[in-house]
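Novice: sequence and predicted structure below; questions after.
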Amino acid sequence: KPAGKASPRGGQWRKKQVWWTRHLEILRSKVRRAKRKLFRAKDLRDIRFLRAQAKEAEGIYRFNLNKVKREDWEDRCENVTAEDPFGVHFDVAKNPDARFFQLSALRKENGDLTTNTKDTIQHLLDFHFPQDQGPDSLQHAKIREDSQLLPSTPPFSAPEIEVSIKNINSKKAPGPDGFYGDVIKEAYSSNKLFIHNLFNSCLSAGYFPKRWKRAQVVMFNKKNKDHDPGAYRPICLLDALGKALDKLITQRLFHHLLSNNLLHPNQYGFIPGKSASDAILELQKWISDAREESKHSVVISLDVQSAFSRVWWPMVLHILKKYNCPSNLFKIVGSFLDDRSVFLEYDGNIISHAYSTGCPQGSNSGPLYWLLIADKALKISFENDVRLLAYADDFYLFTATTGKQNFQAKITRAMEQLELWSRKARANFAHEKTKLIPFGKKASTNTLPTALTEANLSN
């Protein structure tokens with residue numbers, strides 16, 4: 001019944017386009033009337049005359065329709081250029097073929113190219129959805145051991161669940177179950193108690209259903225790099241009900257972390273009430289404070305390579321336990337992160353792949369798990385006048401000093417601390433994206449020691 005209610009029926013009223021006018025409606029009516037007369041005509045002479053009339057009416061209608069569409073598009077482009085110059089319209093104009101997924105041979109770590117479609121898809125999934133590999137150090141083993149357990153969080157309330165269901169985007173592509181958001185909303189309206197009991201049973205048991213942990217992968221071409229798996233961007237299609245439960249879990253986790261002030265204030269990405277503008281203002285303040293003290297300063301931007309795809313799950317659980325995460329919430333997060341898989345369909349091939357590292361693509365909780373990992377870096381005890389700020393997966397290392405000759409030693413020590421964090425978290429910096437920006441009386445890289453040029457920092 002819910003599926004039937006949510007499915008579009010024939011003869012349903014359709015929303016008119018903004019460019020549709022009364023004049024176009026009249027012209028279309030004339031075309032339809034002319035065609036009806038033509039179909040009813042019996043006499044050959046009448047048919048010829050009415051056919052000419054119908055063609056003329058249709059020509060006038062088509063001409064006006066195309067004219068109105070073109071004018072509307074011109075107005076839209078003019079407005080969007082002023083309001084949002086680098087939005088969707090810009091992306092489409094810049095790379096109109098980006099939406100079409102074209103798979104080509106990929107280069108493996110040993111330098112060889114993949115030889116068939118299945119091998120290529122498998123390599124692509126291995127790259128974007130890695131396994132937790134490599135032997136554990138003593139420290140890594142301890143993190144795994146400590147990720148075990150506290151009091152429980154209360155059951156999800158009816159308003160919480162209702163908001164989570166209502167926030168399902170009905171226009172998004174469905175997950176492997178094929179149910180659009182409208183179907184889930186209708187099902188919820190038909191039997192709210194069932195959904196309430198289902199979600200709260202999952203929370204109470206600390207169990208995230210396996211079916212909701214399987215995602216269909218859709219690939220998009222990202223860059224023009226031949227044979228590079230990084231040239232593809234994966235989008236994961238997850239079941240809508242699983243995403244609703246995931247959202248409830250994420251909200252409870254955020255509430256626990258924020259209400260207990262557990263996240264570092266220098267994290268500006270994915271935090272409610274904070275934005276990129278706030279991060280820029282904070283950096284600006286640090287630079288201004290350094291200038292007031294007659295100090296030179298440097299900001300180094302650091303990018304974590306494939307940050308969301310490399311989140312180490314045992315460390316996420318270790319941090320949640322350390323932050324006294326409620327036991328049922330902790331267990332369901334552990335279940336959510338366990339035994340996940342994806343599958344990709346291409347050219348008649350369906351390849352399934354299990355993965356055990358990285359934020360689940362397309363999930364609500366993915367960004368939060370990265371925040372927990374990044375939070376450990378922000379809480380490193382740096383020396384005086386060395387600070388770290390984070391926005392999503394980007395770090396900004398700020399250093400100030402009275403003498404320019406002291407920069408190299410100071411930055412080297414700070415970078416060593418960050419490298420130690422990255423090894424613990426099993427993350428890697430994309431050194432080729434590292435950039436250094438100097439600030440002071442003479443903001444020029446020529447005034448800095450040669451050892452601090454961008455190229456050297458990247459090594």
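Specialist: All right, it came through fine.

Novice: quick one: end-to-end distance for stretch 221-238.
Specialist: Stretch 221-238 has an end-to-end distance of 20 Å (criterion: CA to CA, to the nearest Å).

Novice: what's the mean pLDDT across it?
Specialist: Stretch 221-238 carries an average pLDDT of 78.

Novice: repeat that for stretch 308-318.
Specialist: Averaging pLDDT along stretch 308-318 yields 90.

Novice: before we move on, what about stretch 434-449?
Specialist: For stretch 434-449, mean pLDDT rounds to 66.

Novice: please apply the same query to stretch 114-123.
Specialist: On average, stretch 114-123 scores 82.

Novice: show me which residues of it are buried.
Specialist: Of the residues in stretch 114-123, T114, T120, I121, Q122, H123 count as buried by neighbour count, 16 or more other CB atoms under 10 Å. Heads up, the C-betas are built off the backbone N, CA and C, glycines and all.

Novice: and for that stretch, what's in contact with it?
Specialist: Residues from elsewhere that reach stretch 114-123 (CB atoms under 8 Å, 6 or more residues apart in numbering): L103, S104, A105, L106, K108, P229, L344, Y346, D347, N349, I351, H353.

Novice: look up the closest residue to the fifth one, ignoring the ones flanking it.
Specialist: Okay, so that is K108. Using CB to CB, 6 or more residues apart in numbering and skipping the chain neighbours, the partner closest in space to K108 is H123 (6.3 Å).

Novice: that neighbour sits in which helix or strand?
Specialist: H123 is part of helix 117-128 when elements are defined by DSSP states H and E.

Novice: roughly how far is that helix from the heart of the chain?
Specialist: 21 Å (CA atoms, centre = their mean, to the nearest Å).

Novice: follow-up on the earlier one: show me which of the contacts of stretch 114-123 is closest to K433.
Specialist: K433 has its nearest neighbour among the contacts of stretch 114-123 in P229, at 18.0 Å by CB to CB.

Novice: how about that closest one, what does it touch?
Specialist: By CB under 8 Å, 6+ apart, P229 lies in contact with L106, H123, L124, F127, H128.

Novice: now do 6 Å
Specialist: Listed by CB atoms under 6 Å, 6 or more residues apart in numbering, the contact partners of P229 are L106, L124, F127.

Novice: now do L124
Specialist: With contacts defined as CB under 6 Å, 6+ apart, the neighbours of L124 are P229.

Novice: what about stretch 47-57, distance to the chain center?
Specialist: Distance, centroid of stretch 47-57 to centroid of chain: 55 Å (CA atoms, centre = their mean).

Novice: now that stretch - C-alpha only, CSV.
Specialist: Provided in CSV are the C-alpha atoms of stretch 47-57 (Å, rounded to 0.1, in the frame of the first residue of the first chain):
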residue,chain,number,x,y,z
ILE,A,47,-7.5,16.2,-45.1
ARG,A,48,-4.9,18.2,-47.2
PHE,A,49,-6.3,21.5,-46.1
LEU,A,50,-6.5,20.5,-42.4
ARG,A,51,-3.0,18.9,-42.5
ALA,A,52,-1.5,22.2,-43.7
GLN,A,53,-3.4,24.1,-41.0
ALA,A,54,-2.2,21.6,-38.3
LYS,A,55,1.4,22.0,-39.5
GLU,A,56,1.2,25.8,-39.5
ALA,A,57,-0.3,25.8,-36.0
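
Novice: so which bits of it are buried?
Specialist: Neighbour counts over stretch 47-57 (16+ other CB under 10 Å) mark L50, Q53, A54, A57 as buried.

Novice: one more: stretch 349-361?
Specialist: Those would be I351, H353, Y355, S356, T357, G358, C359, P360, Q361, for stretch 349-361 by 16+ other CB under 10 Å.

Novice: buried sites along stretch 300-317?
Specialist: Those would be 300, 302-317, for stretch 300-317 by 16+ other CB under 10 Å.

Novice: ignore what I typed, I meant stretch 319-327.
Specialist: So for stretch 319-327, counting by 16+ other CB under 10 Å, buried means I319, L320, K321, Y323, C325, P326.

Novice: check contacts around the residue nearest the centre of the chain.
Specialist: By CA atoms, centre = their mean, the chain has its centre lying nearest to G362, at 6.2 Å. Shown in contact with G362 (CB under 6 Å, 6+ apart): C236, L238.

Novice: kindly recompute the last result at 7 Å.
Specialist: Counting by CB atoms under 7 Å, 6 or more residues apart in numbering, G362 touches A215, I235, C236, L237, L238.

Novice: ok, A158 next?
Specialist: A158 makes contacts with H196, as judged by CB under 7 Å, 6+ apart.

Novice: quick check, pLDDT for it.
Specialist: On pLDDT, A158 comes in at 96.

Novice: ok, T114 to R22 distance?
Specialist: Separation of T114 from R22 (CB to CB, to the nearest Å) stands at 58 Å.

Novice: what's the spacing between K321 and G334?
Specialist: When distance is defined by CB to CB, K321 is 10 Å away from G334.

Novice: one step back: S190: which of the contacts of stretch 114-123 is nearest?
Specialist: For those, the nearest to S190 is L344 (33.7 Å; CB to CB).

Novice: tell me the spacing between the closest residue to that closest one other than its chain neighbours and K118.
Specialist: Take L344 and drop its neighbours on the chain: the residue closest to it by CB to CB, 6+ apart is V217, 4.4 Å away. For V217, the distance to K118 equals 15 Å [CB to CB].

Novice: quick check: the residue nearest to L344 touching S341?
Specialist: No - shown here, V217 and S341 do not form a contact pair, counting by CB atoms under 7 Å, at 10.3 Å.

Novice: with neighbour numbers in mind, choose between the two.
Specialist: Between V217 and S341, counted using other CB atoms under 10 Å, V217 has the larger neighbour count: 23 against 15.

Novice: buried set for the helix or strand that contains that one?
Specialist: Element membership for V217, per DSSP H and E: strand 214-221. Residues R214, A215, Q216, V217, V218, M219, N221 are the ones in strand 214-221 that count as buried (16+ other CB under 10 Å).

Novice: pull the residues that contact it.
Specialist: Residues from elsewhere that reach strand 214-221 (CB under 7 Å, 6+ apart): 98-99, 101-102, 175-176, 231-238, 341-344, 361-362.

Novice: how about the helices in the stretch 201-350 of the chain?
Specialist: Using DSSP state H, counting those that start in this stretch, the helices of the stretch 201-350 of the chain run over 240-259, 276-292, 313-322, 327-337.

Novice: go through those helices and name the closest to E432.
Specialist: Per CB to CB, nearest to E432 of those: helix 276-292, 22.4 Å.

Novice: the lengthiest helix in the chain - contacts with which helices or strands?
Specialist: In the chain, taking DSSP state H as the definition, the longest helix is helix 44-83. The elements that helix 44-83 packs onto, with contact taken as 3 or more CB pairs under 7 Å, 6 or more residues apart in numbering; DSSP states H and E, are helix 22-40.
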